[in-house]
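Undergrad: The sequence and its predicted three-dimensional model are supplied below.
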Amino acid sequence: MANQTKILFPLGIATGAAHCNRQIERDALEDHILSGTHTWIWSRRRMGKTSLLEQVLIDVPRNSRSFVATKKLDLNLVHDGESLEHAIREAVGALTVQIREENNLSEAWLLSLFQSFKPELTLGAFGQKLKLTPLASPQDTITEALLKLEEAAKHTNNKAIFAIDEFQQLSQLTYGKADHSLEGAIRHAVERSANVAYIFAGSERHLLEEMFENRDRPLFNLCRKLTLKRIGASHYRTHLNTNAKARWDRELTEEQISHIFELTERHPQWLNGLCSILWRESTPPSEDSIRAAWNDLYTEQLSVVQGTVTSLSATQRALLVGIALAGTVQHPTSRPFLESIRLASSTGNSAKEMLTRQDLIEQNEDNHWRVVNPLMAKYLRDTNNQ
Ligand SMILES: Nc1ncnc2c1ncn2[C@@H]1O[C@H](COP(=O)(O)OP(=O)(O)O)[C@@H](O)[C@H]1O
Ligand SMILES: [Mg+2]
């Protein structure tokens, strides 16, 4: 059972039985993929982008009548133009091998398609691998390789999904130089691709908005945008009850569910953190056991939370504490609120900006500001309320 509960409420990627709802987003992405529309996804960190990508990479091939090749790249593992083109070359190789195997295409076909890359087909521990040699520049390699992938998918009438996670890293690869040629190289191929659907996901909103919504940047107007919000209460209620029935053969009471929501504020990571403890028990949770499990999670996370809070400037910390003590604040930079926490208006604005950028505060559904991590809010309240 311990294993099963871990799978139902993971701290890492949630797919299958662990994946709560996201039906609207899953349907939208499936539509985009089948119609050759490219997408960029934004959400705060830990809201479920990677889980959604992984789930869609399972859903779409399963639902589709024709073959769908899939690959996900994580740009956190890439540090310069060369490592980007290397990762893209490998991904193109992997997707094309999937297409070739599905369609029983000859080796000669594959090698001739990628002729300019001096291709080599090798057999390794994980099956066949297509090795491609880089062209003159990373930009040429990226464009050419992605165009060849589209050619392979079109030739076989197959679809391919190329998902790129942590995509904001792309804008960091040029070491601050205003060189957008890697974005240009990607655009050139992506706008010519319909059988290969691209999904770009990331959490740094301002960097992504610059890339996709600034008309002077190469990727402008290339993709539809999808924003992930917190999973709704009714979806979580169903998810918890399905899992409660599977575990204890009965649903949770409305009080138990409200208590879980109240503590975790439906933050997906911390809701999973709490439930993974509760679901280890052989009986459904009581009010006391929910509180005790939350305290255990708090103790476990305390040093991480403390580390983050300590790294802030005094002004940022003062604003964060002020918001945590208030619970929610409609106008955190209004003069009365800043005066109540003894901050000057001039510093209040920049502190709010920095806390937002670091995903430490956010606006809730009613447009009131709150601390994002409920465990951090508890820490700030507990240490400033004495
Ligand atoms: N649809 C979902 N249902 C249940 N839990 C989810 C869902 N999406 C994400 N989570 C949980 O939320 C946390 C963050 O998920 P992750 O996909 O890594 O987010 P991101 O990529 O946005 O940082 C993890 O604990 C994960 O298990
Ligand atoms: Mg992620």
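TA: Looks like it arrived, so ask away. Ligands and ions are numbered 1, 2, ... in the order given.

Undergrad: What separation do you get for the closest residue to Tyr379 other than its chain neighbours and Asn243?
TA: Computed as CB to CB, 6 or more residues apart in numbering, the closest residue to Tyr379 that is not its neighbour in sequence is Val305, at 4.9 Å. In short, each C-beta sits where N, CA and C put it, glycine included. Distance, Val305 to Asn243, using CB to CB, to the nearest Å: 27 Å.

Undergrad: re earlier: and the residue nearest to Tyr379, how close does it get to Gln55?
TA: Applying CB to CB, the value for Val305 to Gln55 is 29 Å.

Undergrad: Which one of those two is surrounded by more residues?
TA: Each of Val305 and Gln55 had its neighbours counted (other CB atoms under 10 Å), and the higher figure belongs to Gln55 (21 against 17).

Undergrad: elements contacting the strand or helix carrying that one?
TA: Using DSSP states H and E, Gln55 sits within helix 49-63. Packing contacts for helix 49-63, counted by 3 or more CB pairs under 8 Å, 6 or more residues apart in numbering; DSSP states H and E, involve helix 23-34, strand 39-42, strand 68-74, strand 159-165, strand 196-202.

Undergrad: Could you point out which of the ones you listed sits nearest ligand 2?
TA: Nearest of the helices and strands packed on helix 49-63 to ligand 2, taken as CB to the ion: strand 159-165 at 5.7 Å.

Undergrad: What average pLDDT does the strand or helix carrying the residue nearest to Tyr379 get?
TA: Here Val305, judged by DSSP H and E, is contained in helix 287-310. Across helix 287-310, pLDDT averages out at 97.

Undergrad: and what of stretch 110-125?
TA: When pLDDT is averaged over stretch 110-125, the result is 94.

Undergrad: got the end-to-end distance for that stretch?
TA: Terminal residues of stretch 110-125 are spaced 20 Å apart (CA to CA, to the nearest Å).

Undergrad: list the buried ones in that stretch?
TA: Using 16 or more other CB atoms under 10 Å as the test for burial, stretch 110-125 gives Leu110, Leu113, Phe114, Phe117, Pro119.

Undergrad: how about Leu360, phi and psi?
TA: phi -90, psi -30 (degrees, to the nearest 10).

Undergrad: my guess is it contacts Thr308, does it?
TA: Yes. At 7.4 Å, Leu360 and Thr308 qualify as touching, with contact defined as CB atoms under 8 Å.

Undergrad: So the two - more neighbours on which side?
TA: Shown here are Leu360 and Thr308; by other CB under 10 Å, Leu360 has more neighbours (19 against 15).

Undergrad: Any idea how many residues pack against whichever residue of the stretch 251-386 of the chain sits closest to ligand 1?
TA: Residue nearest to ligand 1 within the stretch 251-386 of the chain: Pro268 (3.2 Å; CB to the nearest ligand atom). By the measure other CB under 10 Å, the count of residues near Pro268 is 20.

Undergrad: what do you get for Asn384?
TA: For Asn384, the count of nearby residues is 12 (other CB under 10 Å).

Undergrad: Quick check, it in contact with Leu320.
TA: No. Distance between Asn384 and Leu320: 10.1 Å, which falls outside the contact criterion (CB under 8 Å).

Undergrad: Could you name every residue contacting both of Leu360 and Thr308?
TA: Common contact partners of Leu360 and Thr308 (CB atoms under 8 Å, 6 or more residues apart in numbering): Met376.

Undergrad: who are the neighbours in contact with the residue of the chain positioned farthest from its centre?
TA: What lies farthest from the middle of the chain is Ala108; by CA atoms, centre = their mean that is 38.5 Å. With contacts taken as CB under 8 Å, 6+ apart, Ala108 has no neighbouring residues.

Undergrad: Now do the same for it: helix, strand or coil?
TA: Local secondary structure at Ala108 is given as helix here, using DSSP: H, G, I helix; E, B strand; the rest coil.
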